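Undergrad: Sequence first, then the predicted structure:
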Amino acid sequence: MQRAHRPQGPAASAPTLLLLGLVAAGVCCGGRADLAPLLEPAALSGSREAGRLEVQVSNQGKGRARATTTSIVFPTFEVRLPTRPLAPGESTLVSTALPEPCIRAGCDFRIRVDSKDEVRERDENNNLLSARCP
């Protein structure tokens with residue numbers, strides 16, 4: 001029977017240290033971030049009066065999400081908002097002024113978190129939310 005060759009010295013632990021570093025960074029083993037937009041009905045109904053739209057960005061995954069960009073697309077233009085890094089289970093609010101036509105008559109818009117695909121996520125299909133300003 002042949003014996004398996006085992007490296008000796010510092011090289012012997014390098015693959016283990018690399019794997020542990022990747023797990024801690026949320027890169028492998030199911031520990032990925034999962035960013036999703038959330039729009040509270042109360043915030044949406046009051047947004048026209050306030051002239052602002054607030055969107056909650058949540059990390060529903062098990063890994064840390066680095067800083068990203070959240071885009072809000074209105075009928076005539078797009079707003080890109082920097083979004084801070086989020087730990088697993090953490091949320092943050094991003095906000096922007098509503099365009100004048102939306103304040104007067106309401107409008108449809110789309111929110112996309114991680115709009116530049118800066119984070120490898122567990123689920124890329126929950127990054128988009130469509131809504132209407134009442």
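TA: That came in fine, so what should we check first?
Undergrad: Just to check, G61 is in contact with V119?
TA: No: with contact defined as Cβ atoms under 8 Å, G61 does not reach V119; the gap is 9.1 Å. All C-beta atoms are positioned from the backbone trio N, CA, C, and that covers glycine.
Undergrad: Overlap in contacts, the two.
TA: 33, 35 (Cβ atoms under 8 Å, 6 or more residues apart in numbering).
Undergrad: between the two, which one's more packed in?
TA: More neighbours surround V119 than the other of G61 and V119, with 26 against 22 (other Cβ atoms under 10 Å).
Undergrad: Do I have it right that the more buried one meets A65?
TA: Yes: contact criterion Cβ under 8 Å: V119 and A65 qualify, at 5.0 Å.
Undergrad: List the residue ranges of the chain that fall below the pLDDT cut-off.
TA: 1-30, 41-49 (pLDDT under 70).
Undergrad: Kindly recompute the last result at 80.
TA: Applying pLDDT under 80 to the chain picks out residues 1-30, 40-50, 134.
Undergrad: What is the neighbour count of E40?
TA: Using other Cβ under 10 Å, E40 has 11 neighbouring residues.
Undergrad: Who is the most centrally placed residue in the chain paired with across the strands?
TA: Nearest to the mean C-alpha position of the chain, counting by Cα atoms, centre = their mean, stands L35 at 3.1 Å. For L35, the beta-bridge partners under DSSP bridges are N59.
Undergrad: can you check S71 too?
TA: Listed beta-bridge partners, S71: R80, R112 (assigned using DSSP bridges).
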